[in-house]
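*Asks:* my questions are about this predicted structure, shown below with the sequence.
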Amino acid sequence: MSRRQLFTSCLLIWSSLVWLTTSCIARDQTNPISSATFTPTPMVTHSPATATATSSLAATATATLSPTPIILTETPILGSQRLIAFAALPTQGDSINSDIYIMRPDGTQLINLTQHPARDQAPVWSPDGRQIAFLSNRDGPFDLYVMNADGTDVLRLTHNANATYKPSWNPSLKHIAFSARYDSDHDSVYVLDMNNFEVKSLITEGSTYNHSPAWSPDGTMMAFVSDRDSGVPQIFILDLSNEAIRQLTKGVEPNSDPAWSPDSSQIAYTCISPRAGVICVTSLDGTQTKRLIDPDQFLDGYEPAWSPDGTRIAFRSIRDFATVPEANFAIYVMSADGSGVMRITDNLALNSETPSWQP
C-alpha cells in the first residue's frame, strides 16, 4: 500500500473516531432533541460544587496552580497579540492526562496553565479575555471549571455534571452554556448563572442528543449540535428572542463544532466528508456554504476557532501524517478564506485539540 493510500485510510478512520469518540468525552454519557421550538425548564436546578455561591470567583477557588516558568513578554490580558488556548495530551504513555495550554498565534511562548494529573480539556476564553472556562475530571465526573488567564484561581462551577464538549460564554459574562448528562444517558444543554452558580436546563428533550452550545457574539442566538431530526448530528440555531429552533446544516454526514464569526454573520464548523473531517463556513441561512479545506488533497481539519478580527481561523489537524508518519494532531491557523495554512504546534509528544482564540 502506498503512503498516500495509507494516509487516506487513516483519515477515514480518524474521521470516524473523531465523530464517535467526541460523544464519549465525559466517559459513558449521552443526550439529544426533537421539536422545532425551544422549551426551557427554568425551575430545574443543580447545585454548584462549591460550598459558597459568590460572584467573586477567586474568593472560592479550589486551587491555585503555578504555570510553567516561561515568561510572556506581554501579559495574557494586556498583550497586543491575542493568545490561543488549547488542550493537549501525550501521544504515548498516560493518555488519560491532558492539560490546558496558551500560546501566541505563531506558536511561540507556550505555557502549560493547569499541570494537573487529571484530564483538563475544552478551554474557552471569556469574552473579556481574562478567564478560561474548561472541563475537567479532577474531582470525579467531568465538570465545568474556570480559571484566570494565567492559570490561577481554579474554581469548580458544577457538581457531578458529566459535562461534555466545549462550553460557551454569554457575551455579558453572566452565563456559561455547556452540555452535560447529569442523570441522563443523553447530552442536554444547560446554562450556569455566574452570579449564584445555579444551573438551569435550556435544551433538553426526549432521547436525542443536544450538545456543543455556541453563543453568538451579539448574544441573540445559540448554535448547537443535535441529532433530533434524522439521527445524524447536525447544527441548529436557537433564536433567543422568540425561542424558535431551526436547522442550519443537513446531509447524511455529521456536522459539528459550530463557531461564530466575530460579527455573528457566519458559522464555521467541522463537516465530515467521505474522506476526512474538514472546516466549512456557512451563512446563517445555510445557503452560502464553502469548504475551506479540500479532503481530496489529503487534508483534514476539525474544531474551528475564529480570530477576534475575523481574518483567521485556528483548527486542529493530522494532515502531516502523509509526509511524517509519526505526526500527531496539531493546531493550525489559516486565513478565513482557507489560504495561508500554518502549523503552530510542533511537539510530536502531544496531541493538540480544541483551540480557542482570546477575544
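*Replies:* Received it, and whenever you're ready, just let me know what you need.

*Asks:* could you look up the next helix or strand downstream of the helix or strand hosting Arg316?
*Replies:* Using DSSP states H and E, Arg316 maps to strand 312-317. Once strand 312-317 ends, the next helix or strand along the chain (criterion: DSSP H and E) is strand 330-335.

*Asks:* quick one: that following strand to strand 312-317, angle?
*Replies:* Note on geometry: by axes from the mean of the first three to the mean of the last three Cα atoms, to 10 degrees, strand 330-335 and strand 312-317 are set 150 degrees apart in direction.

*Asks:* now do strand 330-335, average pLDDT.
*Replies:* In this model, strand 330-335 carries a mean pLDDT of 96.

*Asks:* elements contacting that strand?
*Replies:* In this structure, strand 330-335 packs against strand 84-90, strand 312-317, strand 342-343, strand 350-357, with contacts taken as 3 or more Cβ pairs under 8 Å, 6 or more residues apart in numbering; DSSP states H and E. C-beta here means a position set from N, CA and C on the backbone, and glycine is covered the same way.

*Asks:* got these as JSON lines, with distance to Ala177, mean neighbour count and mean pLDDT columns?
*Replies:* Converted to JSON lines, the helices and strands packed on strand 330-335 look like this (distance: least, Cβ to Cβ, whole Å; neighbours: other Cβ atoms under 10 Å; pLDDT from 0 to 100):
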{"stretch": "strand 84-90", "distance to Ala177": "18", "mean neighbour count": "24", "mean pLDDT": "95"}
{"stretch": "strand 312-317", "distance to Ala177": "21", "mean neighbour count": "25", "mean pLDDT": "96"}
{"stretch": "strand 342-343", "distance to Ala177": "31", "mean neighbour count": "14", "mean pLDDT": "94"}
{"stretch": "strand 350-357", "distance to Ala177": "14", "mean neighbour count": "23", "mean pLDDT": "95"}
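
*Asks:* figure out which of those strands is closest to Val189.
*Replies:* Across these, Val189 has its closest neighbour in strand 350-357 (17.7 Å, Cβ to Cβ).

*Asks:* and the contacts of that closest one?
*Replies:* The contact list for strand 350-357 (Cβ atoms under 8 Å, 6 or more residues apart in numbering) reads 82-91, 101, 105, 121-125, 132, 166, 302-303, 305-308, 314-316, 328-331, 345.

*Asks:* chain center to that strand: distance?
*Replies:* 9 Å (Cα atoms, centre = their mean, to the nearest Å).

*Asks:* run the angle between that strand and strand 312-317 for me.
*Replies:* Going by the same axes, to 10 degrees, strand 350-357 makes 160 degrees with strand 312-317.

*Asks:* relative to strand 84-90, how tilted is strand 350-357?
*Replies:* Using the same axes, to 10 degrees: strand 350-357 against strand 84-90 is 160 degrees.

*Asks:* tell me the strands beside strand 350-357, with direction?
*Replies:* strand 84-90 (antiparallel) (DSSP bridges).

*Asks:* how far away from the center of its chain is the strand it pairs with?
*Replies:* 11 Å.

*Asks:* how about stretch 226-238?
*Replies:* Offset of stretch 226-238 from its chain centre (Cα atoms, centre = their mean): 17 Å.

*Asks:* residues in contact with it: which ones?
*Replies:* Against stretch 226-238 from outside (Cβ under 8 Å, 6+ apart): 19, 32-35, 38, 203, 205, 208-211, 221-225, 244-256, 258, 267, 269, 284.

*Asks:* send the alpha carbons of it over as CSV?
*Replies:* Output of stretch 226-238 as CSV, limited to C-alpha atoms (Å, rounded to 0.1, in the frame of the first residue of the first chain):
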residue,chain,number,x,y,z
SER,A,226,-28.4,17.8,17.7
ASP,A,227,-29.5,14.5,16.0
ARG,A,228,-33.1,15.4,16.7
ASP,A,229,-34.5,15.1,13.1
SER,A,230,-32.5,12.5,11.3
GLY,A,231,-30.4,10.7,13.8
VAL,A,232,-27.3,12.3,12.3
PRO,A,233,-25.7,15.1,14.2
GLN,A,234,-26.4,18.5,12.6
ILE,A,235,-26.1,22.1,13.6
PHE,A,236,-29.2,24.0,14.7
ILE,A,237,-29.7,27.6,15.8
LEU,A,238,-31.8,28.8,18.7
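
*Asks:* state the mean pLDDT of that stretch.
*Replies:* Here the average pLDDT along stretch 226-238 is 93.

*Asks:* please, where are all the helices along the protein?
*Replies:* 3-22 (DSSP state H).

*Asks:* just the buried residues of the contacts of stretch 226-238.
*Replies:* 19, 32-33, 38, 203, 205, 208-211, 221-225, 245, 248-249, 253-256, 258, 267, 269, 284 (16 or more other Cβ atoms under 10 Å).

*Asks:* distance of Val341 relative to Ala314?
*Replies:* Separation of Val341 from Ala314 (Cβ to Cβ, to the nearest Å) stands at 11 Å.

*Asks:* any common contacting residues for those two?
*Replies:* Between them, Val341 and Ala314 share these contacting residues under Cβ under 8 Å, 6+ apart: Tyr332, Val333.
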